[in-house]
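1. The amino acid sequence is not available; the structure is as follows:
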């Protein structure tokens, strides 16, 4: 089992920045590729980005490319989502998720085994 806990959400004005953190415990963090997803009210969970265990492979959804940056610190068992130039449409609950590294990265929520509880990000316009 992998336990994931997100933090760093909050209320920010459009154009502002936030950094989300996701702390992992329970298994060897570097054995997992990590993903970030978000879900707005009334919408399906949406892929934001993913990072491989080594940080060599990082992918983003087109909607956040150039504004969001994913990174990880395996020594701290933590993955980060730096969000800049935030827009009102970025408002959602943000989740991190883990997937065994041996099976590669994935852009679909169905491909992830472990999930955090989510952290709310609200962008006011």
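-> Nice, I can see it. Values in this document were obtained by computation on a predicted structure and should not be read as measured data. Numbers count the residues shown, from 1 in each chain.
2. can you tell me which residues contact the nearest residue to residue 59 once chain neighbours are set aside?
-> Sequence neighbours aside, residue 50 is the residue nearest to residue 59 in space, at 5.3 Å (criterion: CB to CB, 6 or more residues apart in numbering). Heads up, the C-betas are built off the backbone N, CA and C, glycines and all. Residues counted as contacts of residue 50 (CB atoms under 8 Å, 6 or more residues apart in numbering) are 33, 34, 35, 36, 57, 58, 59, 70, 105, 106, 107.
3. My read is that the last one contacts residue 60, right?
-> In other words, residue 107. No - the criterion here is CB atoms under 8 Å, and residue 107 misses it with residue 60 at 9.8 Å.
4. For these two, indicate the residue with more neighbours.
-> residue 60 (19 against 14; other CB atoms under 10 Å).
5. and the gap between the more buried one and residue 2?
-> Per CB to CB, to the nearest Å, residue 60 is found 23 Å from residue 2.
6. And residue 110, by the same measure?
-> Counting by CB to CB - residue 110 and residue 2 are separated by 17 Å.
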